[in-house]
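Colleague: just a sequence and a predicted model for now, questions to come.
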Amino acid sequence: ILNVEQSPQSLHVQEGDSTNFTCSFPSSNFYALHWYRWETAKSPEALFVMTLNGDEKKKGRISATLNTKEGYSYLYIKGSQPEDSATYLCAFDQAGTALIFGKGTTLSVSS
Amino acid sequence: GAVVSQHPSWVICKSGTSVKIECRSLDFQATTMFWYRQFPKQSLMLMATSNEGSKATYEQGVEKDKFLINHASLTLSTLTVTSAHPEDSSFYICSARAGSQQFFGPGTRLTVL
C-alpha cells in the first residue's frame, strides 16, 4: 500500500511568521508530486506540480522543494498572512493517473 | 487554471434512496475523470476512474453496483450512490486531468439519514 505522510497535522502561527510543512512519499515509480491549497467549501487549488529531483518552485510567498531520491518535499510560506489559512495537501502521482493524497496540514494564521 | 464544477454541493437523503452527483469540466475536455471520497480526519481516497465512452475502473473495496459511474461525454461524469445507507455519508469530490495537472471540483457533502 502506497503511503503519503504529511506533517505537522496542524499548525498555528502569527501573522508574519514563516513556516514549512513536510510531505513524504514512496521513492519508487515517481511521476510527479502535487501540492494543493484547500479552503473550506472551495475546490482544492493547484499550487505546484513537481517532477524533477532537486526542483524548486515558487509562487509569490510560497515555495516548494523536491527530493525524489529520499522521497520528500517541503512547502514553505514566507511571512504568513491570515489569507494563507487553509489545508495544504500533497499528492503522489505514480503514473500520471490518479493521485495518492496525504491527510493534509491545516494552517491557521492569526493577525 | 481549468475549472471543474460539481453539483450538488451538499445533499441530505433518506436511507434507501439514490443520489446522483454531477462533475463537469467547464473549459476543457476530459477523457478521464476521477472520483474520490474523504471520511473525517482521513485523506482523499480514490474510489474510481471514470473513462469517457467505456466502463469505469473501481478501486479495491468499492462496490461498482453501489457506486454507478457514467461518463457519457467529454465534459460530464456522474456518480450515483444507489440505495444509500448512513455509512455512505461522506465527502465526495471529482477531478479531471488537464496536461500535467489535476483540477478538482468543490466536492459534495452527502448525509444519509
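Modeller: Thanks, I have the structure now. Residues are numbered from 1 along each chain as shown, chains lettered A, B, ... in the order given.

Colleague: quick one, what contacts residue 87?
Modeller: Using chain A. Each residue near residue A:87 by C-beta atoms under 8 Å, 6 or more residues apart in numbering or on different chains is listed here: A:37, A:38, A:39, A:104, A:105, A:106, A:107. For glycine as for every other residue, the C-beta is placed from the backbone atoms N, C-alpha and C.

Colleague: wrong one, chain B
Modeller: By C-beta under 8 Å, 6+ apart, residue B:87 lies in contact with residue B:112.

Colleague: same question, residue A:32
Modeller: Residue A:32 makes contacts with A:49, A:50, A:51, A:93, A:96, B:100, as judged by C-beta under 8 Å, 6+ apart.

Colleague: buried subset of the contacts of residue A:87?
Modeller: A:37, A:38, A:104, A:105, A:106, A:107 (16 or more other C-beta atoms under 10 Å in any protein chain shown).

Colleague: and chain B, which of the residues you listed reach it?
Modeller: Among these, the residues that sit close to chain B (C-beta under 8 Å from any C-beta of the partner chain) are residue A:104.

Colleague: and of the buried ones among the contacts of residue A:87, the nearest to residue A:65?
Modeller: Distance from residue A:65 was checked for each of the buried ones among the contacts of residue A:87 by C-beta to C-beta. The minimum falls on residue A:105, at 15.5 Å.

Colleague: give me the beta-bridge partners of the nearest residue to the closest one once chain neighbours are set aside?
Modeller: Setting aside the residues directly before and after it, residue A:105 is nearest to residue A:21 in space (C-beta to C-beta, 6 or more residues apart in numbering or on different chains), at 4.4 Å. Partner residues in beta bridges with residue A:21: residue A:75, with DSSP bridges as the criterion.

Colleague: and residue A:21, how far is that from residue B:50?
Modeller: Distance check for residue A:21 against residue B:50: by C-beta to C-beta, to the nearest Å, it reads 31 Å.

Colleague: same thing with residue A:85?
Modeller: Applying C-beta to C-beta, the value for residue A:85 to residue B:50 is 33 Å.

Colleague: more neighbours: the two, which one.
Modeller: Looking at residue A:85 and residue B:50 with other C-beta atoms under 10 Å in any protein chain shown, you find the greater number of neighbours at residue B:50, namely 25 against 16.

Colleague: and what about that one, helix, strand or coil?
Modeller: For residue B:50, the reduced secondary structure class is strand; criterion used: DSSP: H, G, I helix; E, B strand; the rest coil.
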